[in-house]
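A.B. asks: pasting a predicted model and its sequence here:
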Amino acid sequence: MKGRGIVVASAAAVAWLAFGGQAHAVPSFVRITGLTCNQCHVQFTPNPDFTWTGKKFRWNGMRTPWVQERIEAGEEGAITGRRLSLNFVNFFSMGFEQHILEQSKGRAAPGAPEPQKSPLAGSGIGNLSTFYSGPISDHIGVWNEIYFSAAGAESDNPFRYVAWDELDLKFVWNPGGNIVGASIHTEPLPTTFAFQFNSGAPTQAWGGGTAQAHAPHMGINAYGFWKDRLLTVVGVETGGNNNDWQGINPITGATETQMNFWLMGAYAFKHQDSGELWYNGWVKFGNDDVPMITSTAVNRADRSFSYSSNVRGISGVGGFSPDRTGDGVGDPYLSSQVDHLVRSQHNLEYGFIDRGKWSARTSVGVSYNRERYTDGAKLAINGVGWTTRWNYDRTWEWQLGVTKRVKWDYTDSTGVVHKIPNDMTLNFRFHRRLAMNFVLFLVYSKDQTFALAQNWSNGYSWEIGTDYYF
């Protein structure tokens, strides 16, 4: 069986790499603007690496008024004086991700036997995403993405969860050639402002999630991009697993304000598609988010969210009862047990496009994270990360990411500090782009189990699949 699996994987890889072709269907923004996909980002999967043009396009609210047709209700000012702005075509697009071949090996506790590799598998199903995005009027633009996710799927119900995963509704003006705006968003702020390709330094911008299925979030921000150099953003958001601006303190029983605040900034030392050099960083602070030591999952039966500790042993130490919800079972920390949190990431990003046939983007960064819980326990995580992506002829691409938590301490409610050992994590991606909107990919990543004072052996997983849009 082992030999047969290798033969199957090798034959599939050779056939895919040999395949080539042209595609005439392109995503909605290409139809809207008349630009190519490559003018806004070199690669669109797994996270777009936005070019200078792509960043400004998003900050401008996905608007290009010069290609709009205006349909007016009579003369200007007649009836309501409002105009309906339409593009040459509609804004609708769809995306598909498919898992063709995949395999993994588990992790083992110290002294335990090494786990066996899983059988070679392939469901052919990843997720289906739908987009309705683009300019709405002269000063309004929107990005919408709705996922049909296979998170927690069963064979007779492959799309187990439907999630309105991404909304970015922007209101934008351009005084003096600058960009000034505000947006309502359900994405992390770095994603909303086109910096989702970053160093990967360990942090948690948005609390908890399973693939595209994550607990509710909503944020409001105001921003400006000044003199084609400086981006400034301030924002506020509801909690990580609720839509409330208020909550009940589990210790005092009092109703109190529960929300998080954002500060974000970026500065372009070089600001052309042919060469970009950015500092970008953000700080998030507040008292209402899914803790960084808690994982989120989607229940198969009723599609509700469930939570568990992602560090073994935490629910059983300290003076505070591990039964935090009173049901007789040891429970993870939830957002209602967060007294205060600070999370941040700072990145230096460099990229260039089409130097000969090469394009590249790389980012290095650090993170600083602190959480304090209502039982007096605390969490401290400092980390570093580096992600680099190289592209040859816009058709062959390699991405490597390396991260490390250089400090990871959990201080329980009695004041005892527990170290959480961890190894450097690594992930690798290879892409073969057969058309502007079609990618074959190979992904490899290391997996870790985290435990108080224990360093488990690492596992791994790999996958071959496709990602394409129209």
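C.D. replies: Sure thing, it's come through.

A.B. asks: make it CA atoms for all contacts and neighbour counts henceforth
C.D. replies: Fine.

A.B. asks: so where's the longest strand in this structure?
C.D. replies: Across the chain, the longest stretch assigned as strand under DSSP state E is strand 338-355.

A.B. asks: pLDDT score for Pro65?
C.D. replies: Note on Pro65: pLDDT of 50.

A.B. asks: circling back: partner strands of the longest strand of the chain, with direction?
C.D. replies: Looking at strand 338-355 with DSSP bridges, its partner strands are strand 275-286 (antiparallel), strand 358-373 (antiparallel).

A.B. asks: which of the residues in the shortest one are classified as buried?
C.D. replies: Within strand 275-286, the residues scored as buried using 16 or more other Cα atoms under 10 Å are Gly275, Glu276, Leu277, Trp278, Tyr279, Asn280, Gly281, Trp282, Val283, Lys284, Phe285, Gly286.

A.B. asks: what pLDDT, on average, does that strand get?
C.D. replies: 96.

A.B. asks: got the phi/psi numbers for Pro119?
C.D. replies: Here is the backbone geometry of Pro119 (degrees, to the nearest 10): phi -60, psi 150.

A.B. asks: pLDDT value on it, please?
C.D. replies: Per the predicted model, pLDDT is 92 at Pro119.

A.B. asks: which residue sits closest to it, ignoring its sequence neighbours?
C.D. replies: In this structure, Pro119 finds its nearest non-sequential neighbour in Gln103, 6.5 Å apart by Cα to Cα, 6 or more residues apart in numbering.

A.B. asks: immediately after the helix or strand containing the one you found, which helix or strand?
C.D. replies: Using DSSP states H and E, Gln103 sits in strand 92-105. Heading C-terminal from strand 92-105, the first helix or strand you meet, by DSSP H and E, is strand 127-132.

A.B. asks: ok, and what's touching that next one?
C.D. replies: 91-98, 143-150, 159 (Cα atoms under 8 Å, 6 or more residues apart in numbering).

A.B. asks: may I have that strand exported as PDB, CA atoms only?
C.D. replies: The C-alpha coordinates for strand 127-132 follow below in PDB (Å, rounded to 0.1, in the frame of the first residue of the first chain):
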ATOM      1  CA  ASN A 127     -14.700  24.800   0.100                       C
ATOM      2  CA  LEU A 128     -16.800  26.900  -2.200                       C
ATOM      3  CA  SER A 129     -16.700  30.700  -1.800                       C
ATOM      4  CA  THR A 130     -18.900  33.300  -3.400                       C
ATOM      5  CA  PHE A 131     -18.100  37.000  -3.900                       C
ATOM      6  CA  TYR A 132     -20.200  40.000  -4.600                       C
END
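
A.B. asks: which parts of that strand are buried?
C.D. replies: Asn127, Leu128, Ser129, Thr130, Phe131.

A.B. asks: for Thr51, state which of those residues is nearest.
C.D. replies: Relative to Thr51, the closest of the buried residues of strand 127-132 is Phe131; by Cα to Cα it sits at 20.8 Å.

A.B. asks: coming back round to it: ok, the residue nearest to Pro119 touching Glu463?
C.D. replies: Yes. If you go by Cα atoms under 8 Å, Gln103 and Glu463 touch, sitting 6.6 Å apart.

A.B. asks: the two: who's more crowded?
C.D. replies: Glu463 (20 against 16; other Cα atoms under 10 Å).

A.B. asks: residues touching the more buried one, list them.
C.D. replies: So Glu463 contacts His99, Ile100, Leu101, Glu102, Gln103, Phe441, Leu442, Val443, Tyr444 (Cα under 8 Å, 6+ apart).

A.B. asks: per-residue confidence at the fifth one?
C.D. replies: Among the per-residue scores, Gln103 shows a pLDDT of 94.

A.B. asks: ok, the last one next?
C.D. replies: Confidence per residue is given as pLDDT, and for Tyr444 that number is 96.

A.B. asks: quick check: it vs Leu400, distance?
C.D. replies: Relative to Leu400, Tyr444 is positioned 10 Å away (Cα to Cα, to the nearest Å).

A.B. asks: got any residues that touch both of those two?
C.D. replies: Common neighbours of Tyr444 and Leu400 (Cα under 8 Å, 6+ apart) are Asn427, Phe428, Arg429.

A.B. asks: now the strands for the stretch 151-300 of the chain?
C.D. replies: Along the stretch 151-300 of the chain, the stretches classed as strands by DSSP state E, counting those that start in this stretch are 161-173, 179-185, 219-226, 230-237, 246-248, 255-257, 260-272, 275-286, 294-298.

A.B. asks: between these, which one is nearest to Gly383?
C.D. replies: Using Cα to Cα, the strands of the stretch 151-300 of the chain put strand 275-286 closest to Gly383, at 14.2 Å.

A.B. asks: in CSV: the buried residues of strand 127-132, plus distance to Ser335.
C.D. replies: Output for the buried residues of strand 127-132, formatted as CSV (distance: Cα to Cα, whole Å):
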residue, distance to Ser335
Asn127, 28
Leu128, 30
Ser129, 28
Thr130, 30
Phe131, 30
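
A.B. asks: tell me the pLDDT of Val8.
C.D. replies: Val8 is given a pLDDT of 43.

A.B. asks: Val366: what's its closest spatial neighbour, skipping adjacent residues?
C.D. replies: Val384 is the one closest to Val366 (Cα to Cα, 6+ apart), at 4.4 Å.

A.B. asks: mind giving me the packing neighbours of the helix or strand hosting Val443?
C.D. replies: Element membership of Val443, judged by DSSP H and E, is strand 438-447. Judged by 3 or more Cα pairs under 8 Å, 6 or more residues apart in numbering; DSSP states H and E, the packing partners of strand 438-447 are strand 425-435, strand 459-469.

A.B. asks: I'd like the average pLDDT over the first one.
C.D. replies: Per-residue pLDDT values over strand 425-435 give a mean of 92.

A.B. asks: for that strand, packing partners?
C.D. replies: Going by 3+ Cα pairs under 8 Å, 6+ apart, strand 425-435 lies up against strand 396-411, strand 438-447.

A.B. asks: one more time with 10 Å
C.D. replies: helix 2-18, strand 378-392, strand 396-411, strand 438-447, strand 459-469 (3 or more Cα pairs under 10 Å, 6 or more residues apart in numbering; DSSP states H and E).

A.B. asks: nearest to Gly235, of the ones you listed?
C.D. replies: strand 378-392 (23.4 Å).

A.B. asks: tilt between the closest one and strand 396-411?
C.D. replies: 170 degrees (axes from the mean of the first three to the mean of the last three Cα atoms, to 10 degrees).

A.B. asks: buried residues in strand 378-392?
C.D. replies: In strand 378-392, counting by 16+ other Cα under 10 Å, buried: 378-391.

A.B. asks: any idea how far it is from the chain center?
C.D. replies: 13 Å (Cα atoms, centre = their mean, to the nearest Å).

A.B. asks: same deal with stretch 435-443?
C.D. replies: For stretch 435-443, the distance to the chain centre is 19 Å (Cα atoms, centre = their mean).

A.B. asks: just the CA trace of that stretch, in PDB.
C.D. replies: The C-alpha coordinates for stretch 435-443 follow below in PDB (Å, rounded to 0.1, in the frame of the first residue of the first chain):
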ATOM      1  CA  ALA A 435      -3.800  30.000 -15.800                       C
ATOM      2  CA  MET A 436      -4.200  33.400 -14.200                       C
ATOM      3  CA  ASN A 437      -7.100  32.100 -12.100                       C
ATOM      4  CA  PHE A 438      -6.100  28.400 -11.700                       C
ATOM      5  CA  VAL A 439      -3.400  27.000  -9.300                       C
ATOM      6  CA  LEU A 440      -2.300  23.500  -8.500                       C
ATOM      7  CA  PHE A 441      -0.700  23.400  -5.000                       C
ATOM      8  CA  LEU A 442       1.400  21.200  -2.800                       C
ATOM      9  CA  VAL A 443       1.400  22.100   0.900                       C
END
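
A.B. asks: fine by me, thanks again.
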